[in-house]
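[1] Okay, sequence plus prediction incoming.
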Amino acid sequence: MSTSGANDALFQGLSALVIDDSPLMRQLVRSLLRQFGFAAVDEAADGSAALRQVERHRYDVAICDWMMEPTDGLEFVCALRRHRDPACCGLPVIMVTSVANKARVLAMRGQGVTEYLVKPISAQKLEQRLVAALSRPRSLIQTAGYSGPDRRRPREQTYTGPRRRLADRMADLPWEGDDEEDAISQATEGLPDYSEILQGEVVTLRALLGEVETTAPASEEPWRRIFRIAHDISGQAPSFGHTAAAAVGASLERLLRPVLKTPAVLSLAGGRRVRAVRTHVEALALLLDQGILETSSETDMLVERLRLAVERVRREEAAGST
């Protein structure tokens with residue numbers, strides 16, 4: 001049943017495809033969809049696998065993470081909208097992203113994403129995006145430069161009459177906090193304790209740092225794996241109540257993003273970068289050791305120290321490149 005109960009009829013009997021390279025997040029979204037009343041929920045671990053699924057089965061909606069390997073969410077939508085089968089082209093896609101800045105929103109619109117959802121995933125936000133995608137379907141537009149749903153919202157901005165749309169009425173509903181918490185609690189029932197998952201990530205991060213320090217200081221692969229773990233933590237942790245760990249993960253992402261964009265920076269600020277990564281890893285370990293889940297003034301101070309560590313690496317990278 002949906003969080004408000006108002007959309008049970010809309011979701012009843014529908015099918016969905018959940019696309020994410022994290023099994024944990026696939027399981028969370030699948031559980032929420034089954035609670036909402038979806039009859040069938042399939043999974044795919046990346047965009048290429050999802051495209052094969054869409055070619056074999058007919059779905060009513062796809063919920064797709066942006067950052068996946070080897071084929072990310074935007075590449076999946078691009079291939080989907082240009083598919084030779086019209087039934088595939090028109091599939092509504094809700095893109096899940098950690099960041100929704102102007103550049104990302106424009107990229108999603110340009111490739112034909114139907115709706116987007118900013119992490120952390122919650123029952124309320126997922127339901128709202130599903131209603132927006134399913135209760136007011138848009139016609140498929142195919143031109144030389146664009147293929148996807150009609151991006152023009154069929155709405156008169158000056159309209160002041162009664163709000164009859166299902167999506168409008170849903171937005172007007174009061175959301176009860178207990179319902180939201182119950183939905184997430186039910187969806188995460190049976191999933192591993194996220195604290196245990198974080199403990200495992202800390203062990204892996206320490207091992208990768210040891211690899212960087214002893215055997216592969218200039219190799220991209222350990223850094224890519226560290227970045228991927230940081231991305232997973234920043235995106236997943238808030239959905240399980242670990243907002244403090246998510247802030248540390250996001251800071252570690254910022255620290256390593258230049259390495260992914262320009263691997264040549266590995267030769268710059270190497271020692272300082274390793275120390276900064278280790279500081280982030282030990283910050284995660286500290287949060288787990290103290291049982292700290294949510295952000296507070298104390299965790300804000302910790303994240304500020306991490307920000308300064310990132311800035312020092314940036315300055316050394318800039319000095320070395322001149």
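    Arrived safely, thanks for sending.
[2] pretty sure Phe76 is touching Leu51, no?
    Yes - between Phe76 and Leu51 there is a contact under C-beta atoms under 8 Å: 6.2 Å. Yep, even glycine has a C-beta here, placed from its N, CA and C like the rest.
[3] per-domain residue ranges of the protein.
    8-188, 194-321 (automatic domain parsing).
[4] Any stretches of this structure with poor pLDDT?
    1-6, 137-191, 215-218, 321-322 (pLDDT under 70).
[5] Which parts of it are strands?
    All strands of the chain, identified by DSSP state E, fall at 15-19, 40-44, 61-65, 93-97, 115-118, 140-142, 147-149.
[6] most tightly surrounded among those strands?
    strand 61-65 (a mean of 26; mean count of other C-beta atoms under 10 Å).
[7] what's the spacing between the top helix by length along the chain and its chain's center?
    Assignment by DSSP state H gives helix 297-321 as the longest helix of the chain. In this view, helix 297-321 has its centroid 24 Å away from the chain centroid, taken as C-alpha atoms, centre = their mean, to the nearest Å.
[8] Buried ones in that helix, by neighbour count?
    299, 302-303, 306, 309-310, 313-314, 316-317 (16 or more other C-beta atoms under 10 Å).
[9] Next up, phi/psi of Glu294, please.
    Glu294 adopts backbone torsions of phi -100, psi 160, taken as degrees, to the nearest 10.
[10] my guess is it meets Ala245, correct?
    No - counting by C-beta under 8 Å, Glu294 stays clear of Ala245, with 9.9 Å between them.
[11] what about these two, which has more around it?
    Taking other C-beta atoms under 10 Å, Glu294 and Ala245 do not tie; Ala245 has more neighbours (29 against 11).
[12] Is it correct that Arg278 is in contact with Gly210?
    No - the criterion here is C-beta under 8 Å, and Arg278 misses it with Gly210 at 10.1 Å.
[13] With adjacent residues omitted, what lies nearest to Ala133?
    Nearest non-adjacent residue to Ala133, counting by C-beta to C-beta, 6 or more residues apart in numbering: Pro92, 4.3 Å away.
[14] Hmm, I typed the wrong one, I wanted Ala309.
    Closest residue in space to Ala309, ignoring its immediate chain neighbours: Ala276 at 4.3 Å, by C-beta to C-beta, 6+ apart.
[15] So what would you say the end-to-end distance of stretch 108-115 is?
    Using C-alpha to C-alpha, to the nearest Å, the end-to-end distance of stretch 108-115 comes to 9 Å.
[16] How about stretch 87-100?
    28 Å.
[17] Nearest to the spatial middle of the protein, which residue is it?
    When C-alpha atoms, centre = their mean is applied to the chain, the residue found nearest the centroid is Thr97 (3.9 Å).
[18] Next up, the contacts around that residue.
    65-67, 73, 104, 108, 116-119 (C-beta atoms under 8 Å, 6 or more residues apart in numbering).
[19] For my notes, please list those in TSV and give distance to Ala9 for each entry.
    Output for the contacts of Thr97, formatted as TSV (distance: C-beta to C-beta, whole Å):
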residue	distance to Ala9
Asp65	28
Trp66	31
Met67	34
Gly73	29
Arg104	33
Met108	29
Tyr116	25
Leu117	22
Val118	27
Lys119	28
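[20] How about residues contacting the longest helix of the chain?
    Under C-beta under 8 Å, 6+ apart, the answer for helix 297-321 is 244, 247-248, 251-252, 254-255, 258, 265, 267-269, 272-273, 275-276, 279-280, 283, 286-287, 292.
[21] Take those residues and keep only those in helices.
    Using DSSP H, the contacts of helix 297-321 in helices are 244, 247-248, 251-252, 254-255, 258, 272-273, 275-276, 279-280, 283, 286-287.
[22] Which ChimeraX command selects the buried ones in these?
    ChimeraX command restricting these to the buried ones, with burial defined by 16+ other C-beta under 10 Å:
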select :244,247,248,251,252,254,255,258,272,273,276,279,280,283,287
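[23] ok, back up a step: burial of the residue nearest to Ala133, as a residue count?
    21.
[24] can you check Lys261 too?
    9.
[25] residue contacts, it?
    No contacts exist for Lys261 under C-beta under 8 Å, 6+ apart.
[26] Surely the residue nearest to Ala133 touches Tyr116?
    No - with contact defined as C-beta under 8 Å, Pro92 does not count as touching Tyr116 (11.8 Å).
[27] quick revisit: of the strands of the chain, which approaches Thr214 most closely?
    strand 61-65 (33.3 Å; C-beta to C-beta).
[28] So in that sheet, which strands flank that closest one, and in what orientation?
    Strand 61-65 pairs in its sheet with strand 15-19 (parallel), strand 93-97 (parallel), by DSSP bridges.
[29] Can you show me the CA trace of it as PDB?
    C-alpha atoms of strand 61-65 as PDB (Å, rounded to 0.1, in the frame of the first residue of the first chain):
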ATOM      1  CA  VAL A  61       8.200   2.300 -15.400                       C
ATOM      2  CA  ALA A  62      11.900   2.100 -14.800                       C
ATOM      3  CA  ILE A  63      13.700   3.500 -11.700                       C
ATOM      4  CA  CYS A  64      17.300   4.000 -12.700                       C
ATOM      5  CA  ASP A  65      20.400   5.100 -10.800                       C
END
